[in-house]
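>>> Kindly return the folded structure for what I paste below:
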Amino acid sequence: MASQLSGLPDEAEMLRWASVVSHRLGTAGHETCIRVVDGAEGQTLNRQYRGADKPTNVLSFPAEVDAPGIEVLGDIVICAPVVLAEAAAQGKPVADHFAHMVIHGMCHLHGYDHEHEEDAQIMESLEVELLAGFGIADPYQ
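Here you go, the predicted model:
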């Protein structure tokens, strides 16, 4: 974890959330890197890859590996200060919001997106289903 903030879910918990998505979507055993960063790094990455000069809650980078036997999904970057602020503003437990960000990022690595309303509904339904498996309320309500 690149962020030194306290009160964050631990690595094992984040990997558990990611693993459930991989099992559900048929990519169990594929590697994923989850990096938790501070606001400055989150802003730099968001500016570099999305052209937005501000930190964002989660970024996903699908792997560009095309080699037999290499099973890598990609990388997820979670900006801890943004997620903490969102959880506080929305009155959600921090761990629940981190779970949502991990699951959201994993969905992106599996090709889901929310650019169009129909795609957003499909992705959000999957996220809600996966979060419910952890006893986490629908984040879109």
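>>> Out of all residues in the protein, which is the farthest from the middle?
In the chain, counting by CA atoms, centre = their mean, Pro68 sits farthest out from the average C-alpha position, at 26.3 Å.
>>> who touches it in this structure?
By CB atoms under 8 Å, 6 or more residues apart in numbering, no residues touch Pro68. Yep, even glycine has a C-beta here, placed from its N, CA and C like the rest.
>>> doesn't it fall inside a helix?
No. According to DSSP: H, G, I helix; E, B strand; the rest coil, Pro68 belongs to no helix; its state is coil.
>>> For the protein, which segments count as helices?
All helices of the chain, identified by DSSP state H, fall at 11-24, 39-50, 80-90, 94-109, 117-132.
>>> Show residues contacting stretch 29-45.
1-5, 8, 11, 14-15, 18, 22, 53-56, 59, 71-82, 102, 105-106, 109.
>>> Now distance to Asp138 too, for the helices of the chain, in a markdown table please.
What follows is the helices of the chain, written out as a markdown table (distance: least, CB to CB, whole Å):
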| stretch | distance to Asp138 |
| --- | --- |
| helix 11-24 | 16 |
| helix 39-50 | 25 |
| helix 80-90 | 12 |
| helix 94-109 | 10 |
| helix 117-132 | 5 |
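>>> With distance to His30 and mean neighbour count added, can I get those in JSON lines?
Compiled in JSON lines, those are given as follows (distance: least, CB to CB, whole Å; neighbours: other CB atoms under 10 Å):
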{"stretch": "helix 11-24", "distance to His30": "6", "mean neighbour count": "17"}
{"stretch": "helix 39-50", "distance to His30": "21", "mean neighbour count": "16"}
{"stretch": "helix 80-90", "distance to His30": "24", "mean neighbour count": "17"}
{"stretch": "helix 94-109", "distance to His30": "9", "mean neighbour count": "24"}
{"stretch": "helix 117-132", "distance to His30": "16", "mean neighbour count": "15"}
